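Student: coordinates for the following, if possible.
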Amino acid sequence: MNAAPTSTWHNWARTESASPARATSPADTAAVVREVLAARERGGTVKMVGSGHSFTGIAVASDGQLRPDGLSGILAVDREAMTVTAGAGTPLHELNARLAGLGLSLHNMGDIDAQTIAGATSTGTHGTGGVLASLAAQIAGLELVTGTGEVLRASADEHPEVFAAARVGLGALGVLTSITFHVEPLFALEAHERPMTWDDALSSYDELVAEHHHVDMYWFPHTDRMMTKTNDRLADLDSAEPLHRWRGWLDDELLSNTVFGALTTVATRAPRTTPLINRVSARALSERRYSDIAHHVFTTPRNVRFKEMEYAVPREVGLDVLREVRRELDASDWLVSFPVEIRTAPADDITLSTASGRDSLYLAFHVPVAADHRAYFAGIEAVLAAADGRPHWGKMHTRDAADLARVYPRWDEFQQLRDRLDPDRVFTNSYLERVLG
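Tutor: Coordinates of the predicted model:
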């Protein structure tokens, strides 16, 4: 295990920072155990950080910080069971590439692949549609070090009560050291991206979700324009037709990152230009089709830094909530330059998953990293909370334990397990004290 010089740590969006008293890079589970026991003995705390892609303070470590780089890589492949085990610090982009090299793939993914697998699963990172939407719902087993230094392996058959909660454990139940995922044979997706009007998109949304494997929509505030993306599996992997390199660079690097970044900078400095910029941006997007192996279609580069709030609301009221969000935004003086993202997820059985026990519609709100998000996020959050919304654990929100307990039927189950696995609160920090008590 290497002890790194302590320095100020920042998350990706620069919304959180910390100067840990001690920072180490454990190379194995035994090293994690030693750090946890040392923190417990001194009456301190210890946290494993990931890539910093959470917008909240969930990974902030002011005392002992564990860095993930020593717990990385593929550890085991079981082709009979169709599972793959990886170190908890493995970045998603590395896992996806390694799986593809093995002729394997995850079932579903989010649209960013910079996170570590421990960070992504522990905060409930998700994609859209499919049989399973979140990364955590694709976990077959995990290993974690508890607050008493015990090494637990959990699955549906072994410590099932730990498995139910620790897949989205918020870093509050233990330090994940390895994760085993259910995997599938490598497959290709055909993507169809096309602009639509607000009315056409909402009136056809349920039909699109029923007819396609994955549906993602983006509404441009201050306009009636939507961009819709549907992804469907191809029967034959060899029939995939990826974007030409120049078109991918033009659309995803130049337009979606470089030009979009420049436009949001203009909008931040001159807010009253925002509606015009959004109208131009929405109309500049054109229809396109392409197909490629799954992780090349699911994920996209995100080079423009932003701040984000995302909520899951019950699927049956989701579109009505979206309409109310638009009414609230249109009636306000907020000037919003980033699109609102709309996705769906089937219910899962994870204790504190945002989709626990109910089909969900996800609404995500963004602002440029330099913009003041407070009025916009607070106003929209009130609408989402009134609809029994559940905030994404890794994205900005103002909810606390007393408020969150009412939207999670299994809240007490998680709290009792936390008391058992981390009785001395070795893994706590200010964010967890706020959201869990």
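Student: what's near enough to touch Phe338?
Tutor: For Phe338, the contacting residues are Thr264, Phe306, Phe365, His366, Val367, Pro368, by Cβ atoms under 8 Å, 6 or more residues apart in numbering. Every C-beta, even on glycine, is put in place using the N, C-alpha and C of the backbone.
Student: in strands, which of the residues you listed appear?
Tutor: In strands, judged by DSSP state E, the following of those are found: Phe306, Phe365, His366, Val367, Pro368.
Student: now, which of the residues you listed sits nearest Ala88?
Tutor: When those are ranked by distance to Ala88 (Cβ to Cβ), Phe306 comes first, at 26.2 Å.
Student: rewinding a little: can you pick the most crowded of the contacts of Phe338?
Tutor: Each of the contacts of Phe338 was scored by neighbours using other Cβ atoms under 10 Å; the highest score is Phe365's, at 26 neighbours.
Student: which residue is the nearest non-sequential neighbour of that one?
Tutor: Of all residues beyond its chain neighbours, the one nearest Phe365 is Met309 (4.9 Å), with distances taken as Cβ to Cβ, 6 or more residues apart in numbering.
Student: with Ala405 instead?
Tutor: Excluding the flanking residues, the one nearest Ala405 by Cβ to Cβ, 6+ apart is Trp411, at 4.5 Å.
Student: Ala97 now?
Tutor: Once flanking residues are discounted, Ala97 sits nearest to His295: 7.7 Å by Cβ to Cβ, 6+ apart.
Student: pLDDT value on the residue nearest to Phe365, please?
Tutor: Each residue has a pLDDT score; the one for Met309 is 98.
Student: got a list of what the residue nearest to Ala405 touches?
Tutor: Residues touching Trp411, when contacts are defined by Cβ under 8 Å, 6+ apart, comprise Leu352, Leu404, Ala405.
Student: and the spatially closest residue to His373 that is not a sequence neighbour, bridged to which residues?
Tutor: Taking Cβ to Cβ, 6+ apart as the measure, His373 lies nearest to Val367, with 4.6 Å between them; neighbours along the chain are not counted. Each beta-bridge partner of Val367 is listed here, defined by DSSP bridges: Lys307.
Student: distance of Val367 relative to Asp424?
Tutor: 38 Å (Cβ to Cβ, to the nearest Å).
Student: cool, Thr121 as well?
Tutor: Between Thr121 and Asp424 the distance is 24 Å, computed by Cβ to Cβ.
Student: okay, these two: which has more neighbours?
Tutor: Set side by side, Thr121 and Asp424 show unequal neighbour counts under other Cβ under 10 Å, the larger going to Thr121 at 27 against 14.
Student: my guess is that one meets Leu144, correct?
Tutor: No. With contacts defined as Cβ atoms under 8 Å, Thr121 does not count as touching Leu144, sitting 11.3 Å away.
Student: give me the common contacts of the two.
Tutor: Common neighbours of Thr121 and Leu144 (Cβ under 8 Å, 6+ apart) are Leu176.
Student: what ranges do the strands span in the stretch 301-437 of the chain?
Tutor: 306-314, 340-345, 360-368, 390-391 (DSSP state E, counting those that start in this stretch).
Student: check which helices and strands the shortest one sits against.
Tutor: Going back to what we said before, that points to strand 390-391. Applying 3 or more Cβ pairs under 8 Å, 6 or more residues apart in numbering; DSSP states H and E, we find strand 390-391 packed against strand 306-314.
Student: what packs against the strand it packs on?
Tutor: Under the contact criterion of 3+ Cβ pairs under 8 Å, 6+ apart, the helices and strands touching strand 306-314 comprise strand 360-368, helix 374-386, strand 390-391.
Student: so the spatially most central residue of the chain versus His373, what's the distance?
Tutor: In the chain, the residue lying closest to the centroid (Cα atoms, centre = their mean) is Thr125, at 2.7 Å. Between Thr125 and His373 the computed distance is 20 Å (Cβ to Cβ).
Student: show me which positions of stretch 84-93 end up buried.
Tutor: Taking 16 or more other Cβ atoms under 10 Å as the basis for neighbour counts, the residues of stretch 84-93 that come out buried are Val84, Thr85, Ala86, Gly87, Ala88, Gly89, Thr90, Pro91, Leu92.
Student: which ones are touching the last one?
Tutor: Contact partners of Leu92, counting by Cβ under 8 Å, 6+ apart, are Met109, Ile112, Asp113, Ala114, Gln115, Thr116, Ile117, Ala120, Leu135, Thr299.
Student: ditto for the second one
Tutor: Each residue near Thr85 by Cβ under 8 Å, 6+ apart is listed here: Ile74, Leu75, Ala76, Val77, Asp78, Gly141, Ser178, Ile179, Thr180, Phe181.
Student: can you do 10 Å?
Tutor: When contacts are counted by Cβ atoms under 10 Å, 6 or more residues apart in numbering, Thr85 touches 74-78, 140-143, 178-181.
Student: looking at the buried residues of stretch 84-93, which are in strands?
Tutor: Among the buried residues of stretch 84-93, DSSP E puts Val84, Thr85, Ala86, Gly87 in strands.
Student: who's the second one bridged to?
Tutor: Same thing as Thr85. Judged by DSSP bridges, the bridge partners of Thr85 are Ala76, Thr180.
Student: check it and give its pLDDT.
Tutor: With respect to pLDDT, Thr85 has a value of 98.
Student: from Leu186, how far off is it?
Tutor: Here the distance between Thr85 and Leu186 works out to 18 Å (Cβ to Cβ).
Student: low pLDDT regions in the protein?
Tutor: Flagging of the chain using pLDDT under 70 yields the residue ranges 1-6, 244-264, 266-267, 280, 283-284.
Student: now do the helices in it.
Tutor: With helices called from DSSP state H, the chain shows them at 29-41, 92-101, 117-122, 160-166, 198-211, 245-248, 260-269, 274-284, 294-298, 318-330, 374-386, 401-404, 411-421, 430-436.
Student: for the last one, name the packing helices and strands.
Tutor: In terms of contacts (3 or more Cβ pairs under 10 Å, 6 or more residues apart in numbering; DSSP states H and E), helix 430-436 is packed against helix 401-404, helix 411-421.
Student: list the buried ones in the shortest one?
Tutor: Using 16+ other Cβ under 10 Å as the burial criterion, the residues of helix 401-404 that qualify are Leu404.
Student: helices or strands up against it?
Tutor: In terms of contacts (3+ Cβ pairs under 10 Å, 6+ apart), helix 401-404 is packed against strand 390-391, helix 411-421, helix 430-436.
Student: on that earlier part again, so the residue nearest to Phe365 is in contact with His366, correct?
Tutor: Yes. Taking Cβ atoms under 10 Å as the definition, Met309 is a contact partner of His366 at 8.1 Å.
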